[in-house]
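Engineer: quick one: sequence and predicted model below, then my questions.
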Amino acid sequence: MTTPPPPGQNPYRHPAAPVPARRWSVRRVLKGVVSVVVVGVVAYGGYTTWFGGAATADAGDCLHAGNATATAVISVGDPEFEIVDCGTPEAQFKVTGRASGTDGTCDDQYQRYTQGGAGRDFTLCLEPLK
């Protein structure tokens with residue numbers, strides 16, 4: 001007669017072979033690098049959309065509207081403003097005043113731009129440069 005195995009051990013089970021270490025392939029490294037770059041681009045785009053452009057503009061700054069509808073009538077569409085140097089041809093508007101909240105008023109010769117949401121409501125008074 002044979003002696004039974006100790007409790008918790010299966011006499012019919014073979015020990016598992018060690019798993020070979022994964023080798024770093026060029027393809028895996030490239031996929032990782034591309035993933036990091038894509039995440040970085042998306043994060044940068046989100047940051048500049050929420051915290052850049054009109055959201056950070058102050059009196060004296062010049063703005064460029066990134067879409068066509070904003071250049072003709074500022075109240076149409078959702079202009080994608082970016083702060084530019086006032087001496088460049090890209091400068092379309094000069095910020096003449098900034099007020100908290102979306103109910104700010106501007107003098108008649110200026111265009112009024114408001115942005116609201118996420119607790120950062122503001123009004124800009126803009127002078128067209130062109």
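Structural biologist: Thanks, I have the structure now. On a predicted model such as this, the values are computed, not experimentally measured, just so you know.

Engineer: toward the C-terminus, what is the element adjacent to the helix or strand of the chain with the lowest mean pLDDT?
Structural biologist: Ranked by mean pLDDT, DSSP states H and E, the weakest helix or strand in the chain is helix 68-72, scoring a mean of 45. As assigned by DSSP states H and E, the chain's next helix or strand after helix 68-72 is strand 81-84.

Engineer: strand partners of that following strand, parallel vs antiparallel please.
Structural biologist: strand 62-65 (antiparallel) (DSSP bridges).

Engineer: for whichever strand or helix holds Lys94, list every residue counted as buried.
Structural biologist: For Lys94, the element it lies in under DSSP H and E is strand 93-100. Across strand 93-100, burial judged by 16 or more other CB atoms under 10 Å covers 93-99. C-beta: built from backbone N, CA, C; applies to glycine.

Engineer: what's the answer for stretch 38-45, then?
Structural biologist: For stretch 38-45, the buried set under the neighbour-count rule, 16+ other CB under 10 Å, is empty.

Engineer: and it, what's its mean pLDDT?
Structural biologist: For stretch 38-45, the mean per-residue pLDDT is 76.

Engineer: how far is that stretch from where the chain is centred?
Structural biologist: Relative to its parent chain, stretch 38-45 has a centroid offset of 6 Å by CA atoms, centre = their mean, to the nearest Å.

Engineer: same question, stretch 55-62
Structural biologist: Mean-position distance between stretch 55-62 and its chain equals 19 Å (CA atoms, centre = their mean).

Engineer: distance between the ends of that stretch?
Structural biologist: 13 Å (CA to CA, to the nearest Å).

Engineer: neighbouring contacts of that stretch?
Structural biologist: Residues outside stretch 55-62 that contact it (CB atoms under 8 Å, 6 or more residues apart in numbering) are 63, 81, 83-86, 88, 91-98, 115, 120, 122, 124, 129.
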